[in-house]
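> Fold the following for me, if possible:
(one chain, ligands or ions: 1)
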Amino acid sequence: MKKQTITSIYSLKENNSPIAVLTAYDATFAKLLSRQGVEVILIGDSLGMTVQGHHSTVSVTMQDMCYHTRSVATGNEAAFLMADLPYMSYATTEMALNNATLLMQAGANMVKLEGGQWLAPTIKSLTEQGIPVCGHLGLTPQSVDALGGYKVQGREKGQAQRMLDDALALEKAGAKMLVLECIPQKLAREISEALSIVTIGIGAGKETDGQVLVLHDMLGLNEQFNPRFVKNFMQDENCNDIPTAIKHYVEAVKSGHFPADEHSFD
Ligand code: KIV
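Below you'll find the predicted structure:
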């Protein structure tokens, strides 16, 4: 299996092959995901919920992220590894440079951070220093308290325009990927069409360049958490085990069957 790189991920975009992304937090799942054809593994700060049992990502520290990134990097065979810079770890450009360094040294191939135009100087510095960056717009979980909860973003015209302007600013600053979370399908299409970088959607419809889900959600491990954009792949016909559920997810993303309209927002 050939290791994915930023170049091979861009080739997938050029060939209109949707990019399959999942989160993982440990070596065992990293190996499994990579063997089932997941092209990008996100070591997400969603581990604050899935691993640590909190209600948000705010409690996650750099120490946590480095530990889980190292674990994933140890098990991974072929996937491209993206790691989240956690809450307040990139409040200044200097902090972002120091903390992104630690994640890259732990085995990440790219770092992800949440926010709009205010991050442009930070992204420019990271990129100039050779650290690939992914932005994250829409529902940005680290700001859940400022947003007033986990809800769809960008439905109102002015908010949608600001998100498009933010996306263009992040691309101009040097971001190579952009996660769009919980936004209307039409807005995700408009942003994806306006950008030349890779867009990855979660609750953003099918017209982004790739899809990401939180591993524990697509395995149906939290029965209380059933948002519209999640599909439980363990409930697929002919699925009796976790490797098959992951294989089905990859196939569904690649064939354009996931997400369907029922998983998307207007
Ligand atoms: O932390 C995470 O898992 C994420 C995804 C929800 C995109 O950022």
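
> Quick one: end-to-end length of stretch 235-251, please.
Counting by Cα to Cα, to the nearest Å, you get 15 Å between the two ends of stretch 235-251.

> Pull out the buried positions in that stretch.
Under the neighbour-count criterion of 16 or more other Cβ atoms under 10 Å, stretch 235-251 has Asp236, Cys239, Ala245, Ile246, Lys247, His248, Tyr249, Val250, Glu251 buried. Glycine gets a C-beta too; all of them are placed from N, C-alpha and C.

> for the stretch 51-200 of the chain, what spans make up the strands?
Taking DSSP state E, counting those that start in this stretch as the test, the strands found in the stretch 51-200 of the chain are 80-84, 110-112, 133-138, 177-181, 198-202.

> returning to what we had before: can you put the buried residues of stretch 235-251 in CSV and add secondary structure, pLDDT and distance to Tyr87?
Putting the buried residues of stretch 235-251 into CSV (DSSP: H, G, I helix; E, B strand; the rest coil; pLDDT from 0 to 100; distance: Cβ to Cβ, whole Å) gives the following:
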residue, secondary structure, pLDDT, distance to Tyr87
Asp236, coil, 93, 35
Cys239, coil, 96, 35
Ala245, helix, 98, 30
Ile246, helix, 98, 28
Lys247, helix, 98, 33
His248, helix, 97, 33
Tyr249, helix, 98, 28
Val250, helix, 98, 30
Glu251, helix, 98, 34
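
> Adding distance to Val38, write those out as CSV.
Formatted as CSV, the entries for the buried residues of stretch 235-251 read as follows, by distance: Cβ to Cβ, whole Å:
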residue, distance to Val38
Asp236, 16
Cys239, 16
Ala245, 12
Ile246, 7
Lys247, 10
His248, 12
Tyr249, 8
Val250, 6
Glu251, 11
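
> Out of these, which is nearest to the ligand?
Using Cβ to the nearest ligand atom, the shortest approach to the ligand within those belongs to Tyr249, at 14.5 Å.

> check contacts around the closest one.
Residues touching Tyr249, when contacts are defined by Cβ atoms under 8 Å, 6 or more residues apart in numbering, comprise Ala20, Leu22, Val38, Leu213, Met218, Phe233, Phe258.

> helix/strand/coil for the first one?
Classification of Ala20 using DSSP: H, G, I helix; E, B strand; the rest coil returns strand.

> Excluding covalently adjacent residues, which one is nearest to the residue of the chain found nearest the ligand?
With Cβ to the nearest ligand atom, the shortest gap between the chain and the ligand falls at Gly44, namely 2.3 Å. Nearest-residue entry for Gly44: Thr23, 4.2 Å, with adjacent residues in sequence omitted and distances by Cβ to Cβ, 6 or more residues apart in numbering.

> Sounds good, over and out.
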